[in-house]
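Q: no sequence for this one, just the structure:
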């Protein structure tokens, strides 16, 4: 603020000094040097504070931006699964990206706007003191710069967005043609894709022309308005000088002042449009930050028992639906299930039977709507989250690996794990062999910018990640679906070792994997409809056979997995 | 607005003067049809710039001839001229913006279509060589950087250049002595501007990198949030993110500092030059060598000279990066197409036998994949290609579709070498169905029309009906008009495969190359896919790249490709009896089944 004040003072002084130099120095033949030095001095002054003011304004805005981004990220990390189910990644991304950008822009503009407003007021006052009538006439057209500037920004923004949207659609066609080039070539559909692109290119073209038309409508007008002021200064002011009521120096300083006002007035127009965008963006950000995490630590946590046979799971009369508040019919309906320490249970059932849901209730990713879920006798909602999730490890069907080294990915649960335990976990997950063949072994970078792994390899890494966590309960949610069937037996053998003396829940389609479990629980429509060993159920239960039916076909792949 | 850097170029993409000149020449040549429009645009820009320069001159005229001389008529004349100049300025500026956009956008539209056309004409070998991301970025970030220049930069850049030159020339004409004195500050401004342009370019590149890093971490945090929570790593992740975010903040501030020293220098140079003009000009007036009006014109012109300097130093990065992008686009357009129609190429006859004689092939720069393969496939025959990963069975199939040309030997349809038929007719007759269904955005029907854009709704439906899956797709929320990528209506892997097969049914080719999917789908759909495939094969020559021995069992003959050679050829039963490589595979499969059940 103070920097803005000093900057304004320096800037506004220059035309006055020029005026005095012209009148007292040149016209009256007085000394010139002091005026010239004063102008240079005022310039140095305003230049210095121009830099300081900008630096402060930007630093302030960037600090706020960085802090907010940290907060959004940390908050989103803590938000419950149900929130993430309902919000697409892209949506949340734009909170931390474009929305934050709009906000930051505005925050930068605020102090700059203060300075601009100050320039406008000071200059107007000076002009009014020097020549009231001329000032009014010369400045009459200038407020319209502000009006036009505001309208321009308001209309241009959606037009520019439109161009971006059309460009994004065009990019989609290109992206799809390139990544689907085998399909395009396979069906000879090059002309079809070219025609699609032609349409998109027309759209971008038209949108860009519309945005240019808006520029053409406003920019020349915004340029013209100050010229009207300048003509009035020369016209009316010139006659005033001839009448001896004004000096040439004043005429020149008026001219300079009118020019000096253009930029601040345009910016003042812009800030309105900017402010509107920023407030919309700000409220979207606030909406995320105001969402309270639904799954929080209990106020009086109960520790899990540390001694005795560990890993006993009890689901008692559990009701659950992902959209319970919207009157969901119930994914789980009065489900009760007990799994003894060290036991391995396979959950089998058709899509939507609730088997994955059971797996997600154990680590308390969701809270039950009715009944209770207990681990070693303690209700999971009474246990501290990090303690509970150390005790229960889940391997999701959709693997997620982070962009870092293979070692870091396996040691995710415990970054301090030594190399030997990482290798041990990888070996148990049947991953050690392929990792050793990678360019940098365990140090190979994977993910977006690194080495890309096959679906089966990714799954094996996430199994290794869970094994390394050494939980008392291990949940494998369709965790071997992408593993090449011919390789699966290797993992199967290894899993036998992992499952030994550890409570394990396996969700799988392949009979061979299901057969690993001590007990099979058949689920349908959120209820348990049969229990027993794989062999028993296969022999006695028609529905079980039906669910597994034709898995034969899926298992009959030949011993090679060439893709492409 | 001074605070956005807009663009930057990597050092290796930056063009030298000669390179820039070449790009300019090429653009003049390629944009011949727009020459007239461009000339009009530049003409109106020159007119507009002139009016900007005329303002201070008219003030000078008004002061000297009107006010100082005490001639009201002369003063009024200057005012009248000023009014005319303002009107011309308005009209020419408006016209310049519109005209420049018209020419620029038309050029860009041509460019987009041309570049994409080149991309589509390229062979598979090209796509193996180039990274998909890089190809896409040609059509996105490179074209966008041109778009941005046309939308935001070109008018400003051209007018700022014209204004700078025009002002300098005018000041020289008004008084070259005073101008020389005023140039004192220029070396400082020039050095500062060049340094600023370089520093801001570098700073912007860093900022861009850091933004990319931070955003990809942000995205990783969100898409991996379930894993993060499952392992209780929320706080560690947030701390790691904060570190990367702090890095971004630091690079942002480095960029801000670059601006914060440059802008004050220009500001001060402006004031200092004005002081010099007033001081020295005043002395010249006292000496009677200059009029007051000229001093005033100097002061006014100088005040409008430093703005273009500042604009140019910022726009320079934008222009440079656009030139670099244009260069990349021309390079892509000039890339030779290796699989194209020969002069005198004839239509392909899909009803003829496929004759593979002594074919060898290796991917660019790689070791040979196929050596001396001989195989004849009669019309209407079904042949399965079987073999271990990397043995060459997919490659052989791709050669038949002319995705690549053999390095030696020939593949003929009947008597005609594939290289002598038109690519268009070959693609109609020989269709490759990658069974891992790839979906384009759009509806289910749009996706099937990939095989034939003009197919009527009825034809699309009948294609689905023929492979027995019409009802399944009609049951989707909006039937065949269901958007495939909308949340909630995503197709399953099996359904994607079915779409792929429906495309083939719509294309109705004589030769069908089926690239079997390796991933397993749910057992129910698997059976439907098998049935669809069976129907599709009827009445066509079929080459199946088989991953499942149940598929090869259904073919007339099996060709085992091992180590780039045709190792075994015969019926399924013969090969099993022969006890070779195929028999081994079969044996393993049978045992695997027993084990699984």
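A: On my side now, so go ahead. The structure presented is a predicted model; accordingly, all values stated were derived computationally and were not measured.
Q: check contacts around residue A:198.
A: Each residue near residue A:198 by C-beta atoms under 8 Å, 6 or more residues apart in numbering or on different chains is listed here: residue B:113. For every residue, glycine as well, the C-beta is placed using N, CA and C.
Q: ok now the one helix or strand it maps to, how far from the chain's centre?
A: Here residue A:198, judged by DSSP states H and E, is contained in helix A:190-242. With C-alpha atoms, centre = their mean, to the nearest Å as the basis, helix A:190-242 stands 34 Å off its chain's centre.
Q: tell me the first helix or strand C-terminal of that helix.
A: That would be, after helix A:190-242 and using DSSP H and E, helix A:248-290.
Q: that next one near chain B anywhere?
A: Yes - applying C-beta under 8 Å from any C-beta of the partner chain, one finds helix A:248-290 touching chain B at A:248, A:251, A:252, A:255, A:256, A:259.
Q: most neighbours out of these, which is it?
A: In terms of neighbour count, residue A:252 stands highest of the residues of helix A:248-290 next to chain B at 28 neighbours, by other C-beta atoms under 10 Å in any protein chain shown.
Q: run a quick neighbour tally on the closest residue to residue B:177 other than its chain neighbours.
A: Sequence neighbours aside, residue B:284 is the residue nearest to residue B:177 in space, at 7.4 Å (criterion: C-beta to C-beta, 6 or more residues apart in numbering or on different chains). When neighbours are counted by other C-beta under 10 Å, residue B:284 registers 19.
Q: could you do residue B:562 as well?
A: Around residue B:562 there are 17 other residues, counting by other C-beta under 10 Å.
Q: before we move on, what about residue A:452?
A: Count around residue A:452 with other C-beta under 10 Å applied: 9.
Q: and for it, nearest residue in space, chain neighbours not counted?
A: Spatial nearest neighbour of residue A:452, excluding adjacent residues (C-beta to C-beta, 6+ apart): residue A:446 at 7.4 Å.
Q: how close does the one you found sit to residue B:439?
A: The gap separating residue A:446 from residue B:439 is 26 Å, by C-beta to C-beta, to the nearest Å.
Q: same check, this time on residue A:358
A: Distance from residue A:358 to residue B:439, by C-beta to C-beta: 32 Å.
Q: of those two, who's got more company?
A: The neighbour comparison of residue A:358 against residue B:439 (other C-beta under 10 Å) goes to residue A:358, with 29 against 20.
Q: which residues touch the more buried one?
A: Contacts of residue A:358 (C-beta under 8 Å, 6+ apart): A:315, A:332, A:335, A:337, A:347, A:505, A:523.
Q: in the sheet, who's paired with the fifth one?
A: I take that to be residue A:347. residue A:507, residue A:521 (DSSP bridges).
Q: wait, it sits on residue A:357?
A: No - under the criterion of C-beta atoms under 8 Å, residue A:347 is not in contact with residue A:357, lying 9.8 Å apart.
Q: stretch A:409-421 near chain B anywhere?
A: Yes - Stretch A:409-421 reaches chain B (C-beta under 8 Å from any C-beta) through A:412, A:413, A:415.
Q: I meant stretch A:88-103, not that one.
A: Yes - Stretch A:88-103 lies within reach of chain B by C-beta under 8 Å from any C-beta, at A:88, A:89, A:92, A:93, A:96, A:97.
Q: can you list the weak-confidence ranges in chain A?
A: Chain A contains residues with pLDDT under 70 at A:327-329, A:447-451, A:482-490, A:549-564.
Q: center of it, which residue is that?
A: Chain A has residue A:93 as the residue nearest its centroid, 1.5 Å off, counting by C-alpha atoms, centre = their mean.
Q: quick one: what helix or strand has it in it?
A: Going by DSSP H and E, residue A:93 is part of helix A:89-94.
Q: what's the answer for residue B:531, then?
A: Going by DSSP H and E, residue B:531 is part of helix B:523-537.
Q: please, where are all the strands along the chain?
A: Looking at chain A here, since you left the chain open. According to DSSP state E, chain A carries its strands in the segments A:313-320, A:332-339, A:344-348, A:370-375, A:378-379, A:392-395, A:473-477, A:503-507, A:519-524, A:527-532.
Q: my question was about chain B
A: For chain B, the strands defined by DSSP E occupy B:354-362, B:368-377, B:382-386, B:408-413, B:416-417, B:430-434, B:511-515, B:541-545, B:557-562, B:565-570.
Q: could you tell me the least trusted of these?
A: Lowest mean pLDDT within the strands of chain B: strand B:430-434, at a mean of 87.
Q: quick one: contacts for the closest residue to residue B:179 other than its chain neighbours?
A: Leaving aside its sequence neighbours, residue B:179 sits nearest to residue B:171 (C-beta to C-beta, 6+ apart; 4.5 Å). Contacts for residue B:171 (C-beta under 8 Å, 6+ apart) come out as B:178, B:179, B:182, B:298, B:301, B:302, B:305.
Q: circling back to that earlier point, so for residue A:347 and residue A:357, which sits in the more crowded spot?
A: residue A:347 (25 against 21).
Q: so of the contacts of residue B:171, which ones are in helices?
A: The helices, defined by DSSP state H, take in B:178, B:179, B:182, B:298, B:301, B:302 from the contacts of residue B:171.
Q: now those residues as JSON lines including pLDDT?
A: Converted to JSON lines, the ones in helices among the contacts of residue B:171 look like this (pLDDT from 0 to 100):
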{"residue": "B:178", "pLDDT": "91"}
{"residue": "B:179", "pLDDT": "91"}
{"residue": "B:182", "pLDDT": "88"}
{"residue": "B:298", "pLDDT": "90"}
{"residue": "B:301", "pLDDT": "89"}
{"residue": "B:302", "pLDDT": "87"}
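Q: tell me which two of those residues sit farthest apart.
A: Within these, B:178 and B:301 form the most distant pair, 11.0 Å apart (C-beta to C-beta).
Q: so which of the two has more stuff around it?
A: Higher neighbour count among residue B:178 and residue B:301: residue B:301, with 26 against 22, using other C-beta under 10 Å.
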